[in-house]
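J.: Fold the stuff below for me.
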Amino acid sequence: MKVITTIPIMLLSLGMITGCVSNKKFTELQSDYSKLRDRNQELSNKYQDTQRELTGANSRATSLEDQIKSEKANSAALQNALNKCLTSSNQGNVNVSKLVDEINSSNKYIKQLVNAKNQSDSLNLVLTNNLTRSLSREEMQGVDVQVLKGVVYISLSDNMLYKSG
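T.: Prediction:
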């Protein structure tokens, strides 16, 4: 049993001999360990901050993509509205052209009516002049010739229609 108790004691003493380091080396290793632990903590904090920034950037990118989709849809709707306006404008131009043609034909018809009216008035004046020239002064006293609204009115006195006596 002595052997069994001596083996662990030997192993323990062997471990202490080989496991011991100098105080200077130990302090240096402790300092390095503290620096590395601080650096690890710093990098962990930076990693967490970067992860938060990445999450924020991803959500902002998603929001911007949604906004781009919305703006594209809005742009397409505006383009469709513009196309409809242009189409109706072209139809309006066609309608305006038709109206101009109708107005021009109406103007021609009105000019024809005015010319016919002027010609009728001229003929009535000529008729009136011819009637008044063909009558003597005495006969003119019993005749009244008037043109009213394009109609020649001739009024005769009773003297001209009936002989006295």
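J.: Tell me how far whichever strand or helix holds residue 123 lies from the chain's centre.
T.: Using DSSP states H and E, residue 123 maps to helix 23-134. Mean-position distance between helix 23-134 and its chain equals 4 Å (Cα atoms, centre = their mean, to the nearest Å).
J.: Surely residue 146 is in a helix?
T.: No. Counting by DSSP: H, G, I helix; E, B strand; the rest coil, residue 146 is not part of a helix but strand.
J.: need the contact list for it.
T.: Neighbour list for residue 146: 152-153, 155 [criterion: Cβ atoms under 8 Å, 6 or more residues apart in numbering]. C-beta coordinates here come from the backbone N, C-alpha and C atoms, glycine included.
J.: now, which of those lie within strands?
T.: Judged by DSSP state E, strands contain the following of these: 152-153, 155.
J.: of the residues you listed, closest to residue 62?
T.: residue 152 (94.2 Å; Cβ to Cβ).
J.: show me the contacts for the closest one.
T.: Counting by Cβ under 8 Å, 6+ apart, residue 152 touches 124, 127-128, 145-146.
J.: rerun that using 10 Å as the cut-off
T.: Residues in contact with residue 152 (Cβ atoms under 10 Å, 6 or more residues apart in numbering) are 123-125, 127-128, 131, 145-146.
J.: From residue 51, how far off is it?
T.: Applying Cβ to Cβ, to the nearest Å, the value for residue 152 to residue 51 is 110 Å.
J.: thinking again about what came up before, measure how the helix holding residue 123 sits relative to strand 151-156, angle-wise.
T.: Angle of helix 23-134 versus strand 151-156, following axes from the mean of the first three to the mean of the last three Cα atoms, to 10 degrees, is 20 degrees.
J.: what helices or strands is helix 23-134 leaning on?
T.: If you count contacts as 3 or more Cβ pairs under 10 Å, 6 or more residues apart in numbering; DSSP states H and E, helix 23-134 packs onto helix 137-141, strand 143-148, strand 151-156.
J.: Now the last one - C-alpha only, CSV.
T.: Output for strand 151-156, consisting of C-alpha atoms alone and laid out as CSV, is shown next (Å, rounded to 0.1, in the frame of the first residue of the first chain):
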residue,chain,number,x,y,z
VAL,A,151,-91.6,92.3,-98.8
VAL,A,152,-92.7,95.1,-101.2
TYR,A,153,-96.0,96.7,-100.1
ILE,A,154,-97.9,98.8,-102.6
SER,A,155,-100.8,100.9,-101.3
LEU,A,156,-103.2,102.4,-103.8
